[in-house]
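Colleague: task: produce atomic coordinates for the following.
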Amino acid sequence: MKISKNIIIALLIIGVISFGFKIYFVDFSLPVQNDNFEYTIRGIAHSQGDFSQSAKKMSGWPIFASPFFSVLNSDNFLDYSNTLRLLGMSVSMLTIIPMYALSRKFFAQKFSIVAASLFAFEPHLNYNSSFGFSEPLYIITIILAFYFIISNKEKFSYIAFIFAGFVWWIRIEGFFIFIAISIIFLFNFKKTSWNIPKYGLCILIFLMVISPILVMRDNQYDDPFYFYFNDNLFGTNSYTTSISESSGSKYFNEKISIEDAPQFILGGFSNIFYLLSRILFPYLIILIPFGIFFSLHTINQDRKLIKANWIFILTCIGFLAFLSYFVQERRFLFFLLPFLIIFAVIPIQRVVEFGLNTFSFTEKRKKTVLLGVIIVIIILSGLFNLRYEKLDVLEEEEKIEFAKFLVHDLDGNIFGHSETQHVDFIKLTETSDGFKSYQIDTSKKPFQGFPYTTGNKLFALKGESIVDLLSYGNENDVKFLIIKEKNPNFEYLDSIYNKEKNHIFLNQIFDSNESGYTNLKLKVFEINYKEFYKIYP
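Modeller: Presented below is the predicted three-dimensional model:
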């Protein structure tokens, strides 16, 4: 596939504008948080030679980041945070190139540029890539796997299964991609006499790529497929009552009956289509319905490729339906956007290339219209970006100061939520050994005391009343309770914040207003369980 100088310039301009949208969301003065914090410290551990497997997440993204961390070799944790962010944004920007190459399988150059633009300016992907999540690497690897599996040359199919193995290194859901490209492989070469042996070789290639993970997990957990979520996927559902030691398949057999399947499947599909409707704004929601309709009546596209795109999307949605019943997370669906964008370009191609009943475009006007389409995409994306709230830097700085108070001044387990998100950062950066000595936790319960350093454990709020909450707290030896001024989903705590004197079993030991905080509004109470059980025996 030859790329002209004009196409290279166009892709470069698109990439630069796209990177500008991405960097708009970043504040380099703050450390990464939550999942991204774990990716960072694991990447640092990998750069120091510790390649242990976490029971919680796959290793692909932190391993990818580890060589950059090795070169960085800084004593400032913020440098690693910002490197991870820049890697995510850079990989996402570079994905424009394979997105264009994939689109060329379906469209001429000018429409492939439109597809690359739809991807480059997709606001959800730009927002996501600015935080150091694994999605950028996950998505580019999936695109490459699909690109090679739809090639007419069988030898490229083997490369597709190599990338499918890489996908699995990055995210556990990557196994869906292996199934999807397997179906496409069997569909594409169904008339080949040596199809089955060749597919066997593809499976062997896939297993060779993922075998290091399987071996390491088997050595650490006595189960090559062990994941913490195998036993805890249903933690918010009545099916889960405790953490077991069984493998995922055994867990499913023990906990779920066949009668439950319709509930999970229908509920999962409902959640998926709801989440898709949200991530398709602001422009894909208009284009994709028409694209789906036109894909059923192809004109300029290779029908075989359109079927492959359908197979990929439907297979992945089918597998995700079960998971989406329990976990409604839009990030799980982001990898589908490049393939939905293929459908989104079809109506643009139809109108520009063939016109309508009343008019048609000259070649000059076609280029003008396509340029106008790209400009509209940029404008809509920019306006949509404004709806995202940027991090309140002052509030985040106050959270960091509050985290120091929790780590240094409190001795005991703590009930908290988002206001405690920088405790991990303080624990690792203010320990005597420093964050570079961090060792990856290999226990089967990695949520206990994250980030696995000594000190207080944080427990999420749980319960529909103060009685439920403190009963759970007593069972887990929780000594302190953090209450914000506003507590969504835990409104019963609002009255305690405003009228703590009415609750003699809670002794206030911290008030952010009294400590000079401006934006962070919260109080910390020490729990007196003796007084609590006098009132609620």
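Colleague: so where does Y127 fall, helix or strand?
Modeller: helix 123-129 (DSSP states H and E).
Colleague: just checking, what packs against the helix or strand just after that helix?
Modeller: Where DSSP H and E defines the elements, the next helix or strand beyond helix 123-129 is helix 135-149. Packing contacts for helix 135-149, counted by 3 or more C-beta pairs under 8 Å, 6 or more residues apart in numbering; DSSP states H and E, involve helix 60-72, helix 77-94, helix 96-104, helix 123-129, helix 154-170, helix 175-188, helix 303-326, helix 337-354. No exception for glycine: its C-beta is placed from N, CA and C like everyone else's.
Colleague: quick one, which of these is packed in tightest?
Modeller: The highest mean neighbour count among these, using mean count of other C-beta atoms under 10 Å, belongs to helix 123-129: a mean of 23.
Colleague: for the helices and strands packed on helix 135-149, which one sits closest to Q48?
Modeller: helix 60-72 (8.5 Å; C-beta to C-beta).
Colleague: other SSEs contacting that closest one?
Modeller: Using 3+ C-beta pairs under 8 Å, 6+ apart, helix 60-72 is in contact with helix 34-47, helix 77-94, helix 135-149, helix 154-170.
Colleague: okay, now the unreliable bits of this structure?
Modeller: Scanning the chain for pLDDT under 70 picks out the ranges 1-2, 190-194, 229-261, 356-358, 431-433, 445-455, 500.
Colleague: domain ranges for it?
Modeller: Annotated domains of the chain cover 137-226, 393-535 [automatic domain parsing].
Colleague: show me what the helix of greatest length in the chain is packed up against.
Modeller: Ranked by residue count, the top helix of the chain under DSSP state H comes out as helix 195-221. Contact here means 3+ C-beta pairs under 8 Å, 6+ apart; on that basis helix 195-221 packs against helix 154-170, helix 175-188.
Colleague: would you list these in CSV and tack on distance to S54?
Modeller: Below are the helices and strands packed on helix 195-221 laid out as CSV (distance: least, C-beta to C-beta, whole Å):
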stretch, distance to S54
helix 154-170, 13
helix 175-188, 17
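Colleague: closest one to Y24 among those?
Modeller: helix 154-170 (25.5 Å).
Colleague: now do that closest one and helix 135-149, the angle between them.
Modeller: 160 degrees (axes from the mean of the first three to the mean of the last three C-alpha atoms, to 10 degrees).
Colleague: which residues touch the most centrally placed residue in the chain?
Modeller: Ranked by distance to the mean C-alpha position of the chain (C-alpha atoms, centre = their mean), the top residue is R331 at 4.3 Å. With contact taken as C-beta atoms under 8 Å, 6 or more residues apart in numbering, R331 is in contact with 128, 133, 135.
Colleague: got it, and S52?
Modeller: 45, 216, 220, 439-440, 442.
Colleague: is it in a helix, a strand, or coil?
Modeller: Recorded secondary structure, S52: coil (DSSP: H, G, I helix; E, B strand; the rest coil).
Colleague: ramachandran angles for it?
Modeller: phi -60, psi 150 (degrees, to the nearest 10).
Colleague: can you check D511 too?
Modeller: Main-chain dihedrals, D511, degrees, to the nearest 10: phi -140, psi 120.
Colleague: okay but it is in contact with L520, surely?
Modeller: No - look at D511 against L520 with C-beta atoms under 8 Å: they stay out of range, at 10.9 Å.
Colleague: between those two, which has more neighbouring residues?
Modeller: Neighbour count, other C-beta atoms under 10 Å: between D511 and L520, L520 has more, with 20 against 14.
Colleague: how close does that one get to A164?
Modeller: 45 Å (C-beta to C-beta, to the nearest Å).
Colleague: do V327 as well
Modeller: Separation of V327 from A164 (C-beta to C-beta): 23 Å.
Colleague: and the end-to-end length of stretch 381-398?
Modeller: 32 Å (C-alpha to C-alpha, to the nearest Å).
Colleague: which of the contacts of R331 sits closest to S59?
Modeller: Closest to S59, out of all of the contacts of R331 and judged by C-beta to C-beta, is F133, at 14.9 Å.
Colleague: and that closest one, what does it touch?
Modeller: 35-36, 39, 88, 331 are the contacts of F133 under C-beta under 8 Å, 6+ apart.
Colleague: mind running it again at 7 Å?
Modeller: Contacts for F133 (C-beta atoms under 7 Å, 6 or more residues apart in numbering) come out as 35-36, 88.
Colleague: repeat that for G88.
Modeller: By C-beta under 7 Å, 6+ apart, the residues touching G88 are 129-130, 132-133, 136.
Colleague: for E395, see how far away the residue lying closest to I177 once chain neighbours are set aside is.
Modeller: Leaving out its chain neighbours, the residue that sits closest to I177 by C-beta to C-beta, 6 or more residues apart in numbering is V167, at 4.8 Å. Separation of V167 from E395 (C-beta to C-beta): 37 Å.
Colleague: go on, L370?
Modeller: 43 Å.
Colleague: what pairs with D511 across the strands?
Modeller: K523 (DSSP bridges).
Colleague: thinking again about what came up before, nearest to V351, out of the domains of the chain?
Modeller: It's domain 137-226; of the domains of the chain, that one is closest to V351 (C-beta to C-beta) at 25.3 Å.
Colleague: end-to-end on that closest one?
Modeller: Termini of domain 137-226 sit 23 Å apart (C-alpha to C-alpha).
Colleague: got the buried residues for stretch 209-223?
Modeller: For stretch 209-223, the neighbour count (16 or more other C-beta atoms under 10 Å) marks 209-210, 213, 216-217, 220-221, 223 as buried.
Colleague: next: stretch 4-23.
Modeller: Buried residues in stretch 4-23 (16+ other C-beta under 10 Å): 7, 10-11, 14-15, 17-19, 21-22.
Colleague: could these go into CSV alongside distance to L266 and secondary structure?
Modeller: Below are those laid out as CSV (distance: C-beta to C-beta, whole Å; DSSP: H, G, I helix; E, B strand; the rest coil):
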residue, distance to L266, secondary structure
I7, 45, helix
A10, 44, helix
L11, 42, helix
I14, 40, helix
G15, 41, helix
I17, 41, helix
S18, 38, helix
F19, 41, helix
F21, 37, helix
K22, 37, helix
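Colleague: most widely separated two among these?
Modeller: I7 and K22 (22.1 Å).
Colleague: higher neighbour count, L370 and E395?
Modeller: L370 (19 against 15).
Colleague: tell me the contacts of the more buried one?
Modeller: Applying C-beta under 7 Å, 6+ apart, we find L370 in contact with 110, 114, 352.
Colleague: check N507 too.
Modeller: 525-526, 528.
Colleague: about what we covered before: make CSV out of the domains of the chain and add distance to E122.
Modeller: As requested, the domains of the chain are arranged in CSV below (distance: least, C-beta to C-beta, whole Å):
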stretch, distance to E122
domain 137-226, 10
domain 393-535, 26
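Colleague: and of those domains, who's closest to I342?
Modeller: domain 137-226 (9.9 Å).
Colleague: can you give me the offset of that closest one from its chain's centre?
Modeller: 21 Å (C-alpha atoms, centre = their mean, to the nearest Å).
Colleague: try stretch 85-105
Modeller: The chain centre lies 17 Å from the centre of stretch 85-105; the measure is C-alpha atoms, centre = their mean.
Colleague: okay, how far is it across that stretch, tip to tip?
Modeller: 31 Å.
Colleague: how much space between N476 and Y529?
Modeller: Going from N476 to Y529 by C-beta to C-beta gives 12 Å.
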